[in-house]
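In: Model the structure of this input:
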Amino acid sequence: MQVYITAIEEGFLYGLLALGIYISLRILNIPDLTSEGSFGFGSAVAAVVAAQGFSFLSFIAAFLAGVLAGIVTGLLQTKLRVHPVLAGIITMSGLYSINLMVRGSSNLNFNSNSIFTKLFNALGISGTDKKITGLALGAAICIVILILTILFFRTHLGLCIRATGDNPDMVKASSVNVDFSLVFGLALANGLIALSGALVSHYLGLSDQSFSNGMLIYGLAAVIIGEALFGKRSVALGLVSAVIGSVIYKIIVAFVIDVSLFGKNSENLMKLTCAIIVALTLVIPEIKRQVQNAKVKKEARKNA
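Out: Coordinates of the predicted model:
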């Protein structure tokens with residue numbers, strides 16, 4: 001049971017990553033590869049700031065670090081006209097070295113200054129209660145930020161960002177600064193991703209260079225799973241479904257490991273599990289569409 005409690009807890013912590021991926025991929029319609037770098041950047045900055053005793057300030061610093069990464073990617077696209085994929089790769093590659101410089105090593109332990117550790121110590125919690133309390137804290141943080149994000153995309157600026165992703169030419173004709181909307185959207189997306197990296201680091205009590213590996217495919221999996229379950233009816237529903245998709249993905253991975261679906265290598269094949277999940281969520285809707293089209297053609301032939 002603890003395995004699944006941990007999975008749900010991690011699903012909410014990584015839910016902010018899914019939110020960031022959803023904003024760049026679905027709202028701005030940009031395949032932003034900066035995410036892996038910004039996730040690690042947020043983790044590294046949060047670890048360094050928290051290690052100095054500023055646990056809560058570390059989240060603000062991490063968010064701002066992600067915002068900076070998003071701005072760099074956005075400026076490469078808007079001012080230097082670099083292709084969105086290449087712009088993301090450039091920023092992500094640069095952040096790999098920057099993250100090492102920020103930490104001063106490949107990993108940094110700050111467990112005693114983690115907000116989770118401080119909360120557990122303050123409440124005198126141990127054992128299974130740690131999992132439940134951690135789950136409640138992670139869920140609360142994720143839900144609050146989710147609500148704020150939904151509200152933001154109902155503001156004038158949020159609507160401009162949404163319109164930029166839908167039809168930039170129309171937005172430009174309406175005297176809206178498309179470049180600013182795009183840069184702001186990418187900054188917000190990467191800020192949320194970096195904040196997710198900070199939360200995960202606080203949860204684990206350390207920051208490691210390998211944390212960001214595979215974060216892009218994880219975020220895509222969460223978004224795709226959410227859309228497969230809830231569809232693409234609105235931005236608000238899309239943001240909610242991305243978080244739910246993150247939780248479901250973690251539960252699936254926990255199930256694969258728990259039942260040893262791949263034998264003794266189940267834990268070592270998490271990336272393969274992720275690839276299979278993404279492939280299935282992409283293939284199944286297409287199969288359903290083809291079956292539906294076949295039924296329509298069959299009915300048309302009958303009525304002809």
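In: going forward, measure contacts and count neighbours with C-alpha atoms only.
Out: Fine.
In: So for stretch 165-185, what gets flagged as buried?
Out: Neighbour counts over stretch 165-185 (16 or more other Cα atoms under 10 Å) mark 165, 168, 171, 176, 178-185 as buried.
In: Switch those over to JSON lines; also include secondary structure.
Out: Formatted as JSON lines, the buried residues of stretch 165-185 follow (DSSP: H, G, I helix; E, B strand; the rest coil):
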{"residue": "Gly165", "secondary structure": "helix"}
{"residue": "Pro168", "secondary structure": "helix"}
{"residue": "Val171", "secondary structure": "helix"}
{"residue": "Val176", "secondary structure": "coil"}
{"residue": "Val178", "secondary structure": "helix"}
{"residue": "Asp179", "secondary structure": "helix"}
{"residue": "Phe180", "secondary structure": "helix"}
{"residue": "Ser181", "secondary structure": "helix"}
{"residue": "Leu182", "secondary structure": "helix"}
{"residue": "Val183", "secondary structure": "helix"}
{"residue": "Phe184", "secondary structure": "helix"}
{"residue": "Gly185", "secondary structure": "helix"}
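In: Just name the closest of those to Ala18, please.
Out: Gly185 (14.6 Å; Cα to Cα).
In: Point out the other helices and strands that the helix or strand hosting Ala47 packs with.
Out: Using DSSP states H and E, Ala47 sits within helix 35-51. Packed against helix 35-51 by the contact rule (3 or more Cα pairs under 8 Å, 6 or more residues apart in numbering; DSSP states H and E) you find helix 57-78, helix 84-103, strand 107-109, helix 178-204, strand 206-208, helix 215-230.
In: redo that, cut-off 10 Å
Out: Applying 3 or more Cα pairs under 10 Å, 6 or more residues apart in numbering; DSSP states H and E, one finds that helix 35-51 contacts helix 15-22, helix 57-78, helix 84-103, strand 107-109, helix 178-204, strand 206-208, helix 215-230.
In: Would you mind checking which of the ones you listed scores lowest on average pLDDT?
Out: Ranked by mean pLDDT, these bottom out at helix 215-230, with a mean of 86.
In: Select the longest helix from the protein.
Out: The single longest helix within the chain, with elements called by DSSP state H, is helix 270-303.
In: how much space between Leu86 and Leu100?
Out: According to Cα to Cα, to the nearest Å, Leu86 and Leu100 sit 22 Å apart.
In: And the pLDDT at Lys264?
Out: Value for Lys264, per-residue pLDDT: 59.
In: Could you do Asn268 as well?
Out: Asn268 is given a pLDDT of 65.
In: before we move on, back to that, so for the helix holding Ala47, what's the average pLDDT?
Out: So the average pLDDT for helix 35-51 ends up being 94.
In: Next, the angle helix 215-230 makes with the longest helix of the chain.
Out: 30 degrees (axes from the mean of the first three to the mean of the last three Cα atoms, to 10 degrees).
In: Packing partners of helix 270-303?
Out: The contact analysis (3+ Cα pairs under 10 Å, 6+ apart) places helix 270-303 against helix 215-230, helix 235-258.
In: Determine how far that helix lies from the middle of the whole chain.
Out: Remark: helix 270-303 is offset 26 Å from the chain centroid, using Cα atoms, centre = their mean, to the nearest Å.
In: and if you look at stretch 135-152?
Out: Computed by Cα atoms, centre = their mean, the separation of stretch 135-152 from the middle of its chain amounts to 13 Å.
In: Extract the CA atoms of it and return them as PDB.
Out: What follows is stretch 135-152, C-alpha atoms only, in PDB (Å, rounded to 0.1, in the frame of the first residue of the first chain):
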ATOM      1  CA  LEU A 135       0.900  13.200   0.200                       C
ATOM      2  CA  ALA A 136      -1.300  15.800   1.700                       C
ATOM      3  CA  LEU A 137       1.300  18.500   1.500                       C
ATOM      4  CA  GLY A 138       2.300  17.600  -2.100                       C
ATOM      5  CA  ALA A 139      -1.400  17.500  -3.200                       C
ATOM      6  CA  ALA A 140      -2.200  20.800  -1.500                       C
ATOM      7  CA  ILE A 141       0.700  22.600  -3.100                       C
ATOM      8  CA  CYS A 142      -0.100  21.200  -6.600                       C
ATOM      9  CA  ILE A 143      -3.800  21.900  -6.300                       C
ATOM     10  CA  VAL A 144      -3.300  25.500  -5.200                       C
ATOM     11  CA  ILE A 145      -0.800  26.200  -8.100                       C
ATOM     12  CA  LEU A 146      -3.200  24.400 -10.500                       C
ATOM     13  CA  ILE A 147      -6.100  26.700  -9.400                       C
ATOM     14  CA  LEU A 148      -3.900  29.800  -9.800                       C
ATOM     15  CA  THR A 149      -2.800  28.700 -13.200                       C
ATOM     16  CA  ILE A 150      -6.300  28.200 -14.400                       C
ATOM     17  CA  LEU A 151      -7.300  31.600 -13.100                       C
ATOM     18  CA  PHE A 152      -4.300  33.200 -14.800                       C
END
